[in-house]
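Asks: make a model of this:
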Amino acid sequence: MRLTNKAFMHRSQHGGALPIAIFIIVVMSLLGLTMMRILADVSSATVAEVFGTRAEAAASSGLEIALTNIFPLNDDVNLTYCTVRGTSPAITHQYDFNVTGLLNCSAIIECNYFDIPDPYRGYNFRIESIGSCEAGNQTYSRRILLEATDEIY
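Replies: As a prediction, the model looks like this:
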């Protein structure tokens with residue numbers, strides 16, 4: 001009888017590990033797919049951060065170019081770079097950068113000014129710079145607004 005019971009018990013355990021193995025394979029596959037998705041999201045976020053920083057650098061560089069044109073060294077303020085505020089649309093200047101770190105980046109500058117009323121004197125300039133960088137089919141941009149005056153007494 002013992003031989004018969006062992007043979008019966010041995011026969012009833014066939015295939016019991018198969019559902020467990022399938023379950024483990026499915027769970028591990030889901031974990032692997034989840035990890036791949038997380039890594040892809042982290043990679044996309046890193047690219048966006050890098051190109052966003054480059055776009056901000058392009059906008060800052062555009063502001064520096066604009067300030068250099070408005071306030072030339074050892075010369076009077078250049079009012080022709082900007083328009084009078086409220087009388088017409090702001091003048092737009094575009095700069096394309098071809099330097100390492102800013103390849104495929106550009107800055108669009110809009111500038112206007114107004115004459116500061118008495119008892120003060122001088123001009124108030126409002127300069128807006130929009131830096132943008134292209135990466136494949138994506139465009140990343142940053143906007144910076146700056147106000148500057150030449151004299152206030």
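
Asks: would you map the strands across this protein?
Replies: Listed in chain order, the strands of the chain (DSSP state E) span 83-84, 91-97, 105-115, 123-135, 138-149.

Asks: wait, which of these is closest to Thr34?
Replies: Counting by C-beta to C-beta, Thr34 lies closest to strand 138-149 out of the strands of the chain; the figure is 24.8 Å. Just so you know, the C-beta spots here come from the backbone N, C-alpha and C atoms, and that holds for glycine as well.

Asks: residues contacting the closest residue to Ala58 other than its chain neighbours?
Replies: Closest residue to Ala58 apart from its sequence neighbours, by C-beta to C-beta, 6 or more residues apart in numbering: Gly131 at 3.2 Å. Gly131 is in contact with 54-62, 105-107, 141-144, counting by C-beta atoms under 8 Å, 6 or more residues apart in numbering.

Asks: quick one, what contacts Asp96?
Replies: Taking C-beta under 8 Å, 6+ apart as the test, what Asp96 contacts is 105-106.

Asks: pLDDT at the residue most central in space within the chain, what is it?
Replies: Against the mean C-alpha coordinate of the chain, by C-alpha atoms, centre = their mean, the closest residue is Gly52 at 2.2 Å. On pLDDT, Gly52 comes in at 91.
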